[in-house]
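*Asks:* My questions concern the predicted model and sequence given below.
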There are 2 protein chains.
Amino acid sequence: MAKDTKARIQTAALELIARQGVQRTSLRQIADQLGITKPALYYHFASRDDLVRSLLQPLLDECETMIIELERSGGDDPRRVLEECFDLLYRHRNVINSLVRDPTTLSELDLGNRLINWRLRVIAMVAGPRPSLAARVRAVVAVGGLADCTVLFDDHPVEKVRPAALEAALATLDRPEPVRRPARRRAPTSPRSSSRSR
Amino acid sequence: MAKDTKARIQTAALELIARQGVQRTSLRQIADQLGITKPALYYHFASRDDLVRSLLQPLLDECETMIIELERSGGDDPRRVLEECFDLLYRHRNVINSLVRDPTTLSELDLGNRLINWRLRVIAMVAGPRPSLAARVRAVVAVGGLADCTVLFDDHPVEKVRPAALEAALATLDRPEPVRRPARRRAPTSPRSSSRSR
DNA sequence: GTCTATAATACGATAGAC
DNA sequence: GTCTATCGTATTATAGAC
């Protein structure tokens, strides 16, 4: 036990942040959880922001390399793009839920912009070249829905969720041209549009 | 101009929160924006939390009534469920992006649990009775992807996004039984599974 | 209904001893 | 590498005048 204190700090911080959000987690709480004092944290991290950033760094690095690699070699294979995305999102689902979905974190630096940029690049790959609006919408649904699956089925084994999620996302994409949908199961004599719109 | 000061406070608060998150927005900032002082806010709201809650209340109320109404009358019509969801999410997209996605807000009271509960009820309606895991996954993708569309296409007219999003979500659901997918467009001789898994 | 003034508390961060 | 002690600054909230 010598230098891994840094790692223990990160673990404790992530745990607290997962429960109460970034802003609500103070250096005092983190120090207390470890049984050390606040100034001790400053030996390992230059500032609070430095600590938070260190939690995000692995995710950011892997996103960057994954997307660049996909764009270089596999951007024309939606299944492979979705597979890689699912695996990365699943691997980092803790950090994503605790930190990335927090608007406070997003607004600092250009993290929000970088994430939006990556997302759009993934969507662009999945939507294919010169996509119509409908195709882009399908890509958004596929990618966004896939992301939700990495987080909403925590009680299910990932080996079962993963293929199901990929099939569902790919099914969303498989609409080469707009057609009138055939009547769907169980749809009674309901009015075509009953929404009160907006 | 007499009693609508309360509404003006809410508007200013929402605007600031949209830009910097809930936790980063202080009563001082809100007061400054309106040209009044901090204690004046306490005449209209009992506390800071009271103000934040008042911003969420309309969304919460409408969610509750919408879901109850759907479960009573339209739970077996996925299209109608998705239509109502899209319209509600789109109508409240500002509050949703500013407040609801903030972990800090979610952890207070049982807001997070209520939202998860509603989401699961919507997913259950969309997935149909006694759904398989695959069917539930498709429902998650459909609902989650639909939600993303209300937020990601801000620069497009909603009259175009709405039908496209609904079609995409419904397409996701339309997989009555698991079949081997036919080969998809543009998939070259890529290896079937290249993911480094997790 | 809004003000001035202030209390009570928590925060991030630093200085300096050990 | 961790401590005690503390600085400066923010915050929410209240008391009481007008």
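*Replies:* Structure's in. What do you need?
*Asks:* Quick one: low-confidence residue ranges for chain A.
*Replies:* A:1-3, A:175-198 (pLDDT under 70).
*Asks:* longest helix in chain A, by residue count?
*Replies:* Across chain A, the helix with the greatest residue count (assigned by DSSP state H) is helix A:48-69.
*Asks:* and it, how far from the chain's centre?
*Replies:* 12 Å (Cα atoms, centre = their mean, to the nearest Å).
*Asks:* Okay, domains of chain A per the record?
*Replies:* Annotated domains of chain A cover A:7-45, A:56-173 [automatic domain parsing].
*Asks:* Now do whichever helix or strand comes after the longest helix of chain A against helix A:48-69: the angle between them, please.
*Replies:* Where DSSP states H and E defines the elements, the next helix or strand beyond helix A:48-69 is helix A:78-91. Here the directions of helix A:78-91 and helix A:48-69 differ by 160 degrees (axes from the mean of the first three to the mean of the last three Cα atoms, to 10 degrees).
*Asks:* Does chain B have contacts with the helix or strand that helix A:78-91 is followed by?
*Replies:* Next helix or strand after helix A:78-91 toward the C-terminus (DSSP H and E): helix A:93-95. No - taking Cβ under 8 Å from any Cβ of the partner chain as the criterion, helix A:93-95 and chain B are apart, separated by no less than 10.2 Å. In short, each C-beta sits where N, CA and C put it, glycine included.
*Asks:* ok, residue A:46 - contacts?
*Replies:* Residues in contact with residue A:46 (Cβ atoms under 8 Å, 6 or more residues apart in numbering or on different chains): none are found.
*Asks:* again with the one 5 residues further on
*Replies:* When the contact criterion is Cβ under 8 Å, 6+ apart, the partners of residue A:51 are A:9, A:10, A:13, A:41, A:45.
*Asks:* hmm, which two among those residues are most spread apart?
*Replies:* A:10 and A:41 (10.8 Å; Cβ to Cβ).
*Asks:* neighbour count winner among the two?
*Replies:* residue A:41 (22 against 18; other Cβ atoms under 10 Å in any protein chain shown).
*Asks:* so residue A:46, which of the three states?
*Replies:* coil (DSSP: H, G, I helix; E, B strand; the rest coil).
*Asks:* Regarding residue A:120, what are the backbone dihedral angles?
*Replies:* phi -60, psi -30 (degrees, to the nearest 10).
*Asks:* What separation do you get for it and residue B:155?
*Replies:* 12 Å (Cβ to Cβ, to the nearest Å).
*Asks:* No more questions from me, cheers.
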